[in-house]
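J.: generate coordinates for the sequence data below:
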Amino acid sequence: MIAEAEDAIVAAIQGVLGQTVRTVETLPGPWDQDALALAFRSMPGVWVYFDGGGPGKGAQGGRLNGRFMVYAVTAQASGGRARQRGSSRQIGAYEIVERVIPTLGGKPAAKLGTLMFQGLRVLTPASAQRKGVAVYEMSFDLEMGLPAPRDAAELADFATYHGTHHVGDGPDTESHLELPTEESP
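T.: Numbers count the residues shown, from 1 in each chain. This is a model prediction of the structure:
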């Protein structure tokens, strides 16, 4: 369900921005210095991140009000005005924001619910501004129903275990175990 929503958001952004950006993809973790370093390699770009959520309005507790963050990142060596407004050669952060918000806000996402625009923030740290980078964060809420719990009988047997362990000051050790299943000879 969450993955479906992320995929729908990415597809909608790709549809509205087309080839004007190098990257539209999901972000593996929250926006931080590592995410900014990743973005430096693929600007201009847009990244989508699921940022958790709270309970939805459903009386039975089977709903999630999820929060999705959309990050627009641009870079222009010619200064702040160009990185915000773009140039004849490259899209600017304002242009991305002005296309993404109306594309997502108030629109359905993967038949799960309607995305509701919640706000826009400038996240550009001073160190990134000096490098000609602009970062804008758009937030959207999506209330969606949680899937019904799966019956444990539908799950496959636990067959493989692999783990890396670190105990005290000693070196990491690895464990790997193949367990027999009903289907095993």
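
J.: how about the nearest residue to the most centrally placed residue in the chain, chain neighbours excluded?
T.: In the chain, the centroid-proximal residue (C-alpha atoms, centre = their mean) is Tyr49; its distance is 2.0 Å. Excluding the flanking residues, the one nearest Tyr49 by C-beta to C-beta, 6 or more residues apart in numbering is Leu27, at 4.2 Å. Glycine gets a C-beta too; all of them are placed from N, C-alpha and C.

J.: picking up where we left off before, so is the residue nearest to the centre of the chain in a helix, a strand, or just coil?
T.: strand (DSSP: H, G, I helix; E, B strand; the rest coil).

J.: from Gly170, how far out is the residue nearest to Tyr49?
T.: 35 Å (C-beta to C-beta, to the nearest Å).

J.: what about those two, which has more around it?
T.: Leu27 (21 against 8; other C-beta atoms under 10 Å).

J.: for the more buried one, phi and psi?
T.: phi -100, psi 130 (degrees, to the nearest 10).

J.: that one: what's it in contact with?
T.: By C-beta atoms under 8 Å, 6 or more residues apart in numbering, Leu27 lies in contact with 35, 38, 47-49, 71.

J.: next: Val100.
T.: With C-beta under 8 Å, 6+ apart, Val100 has these contacts: 13, 16-17, 46, 70, 72, 138.

J.: taking those, please make a ChimeraX selection of just the buried ones.
T.: Buried subset of the contacts of Val100, written as a ChimeraX selection, criterion 16 or more other C-beta atoms under 10 Å:
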select :13,16,17,46,70,72,138
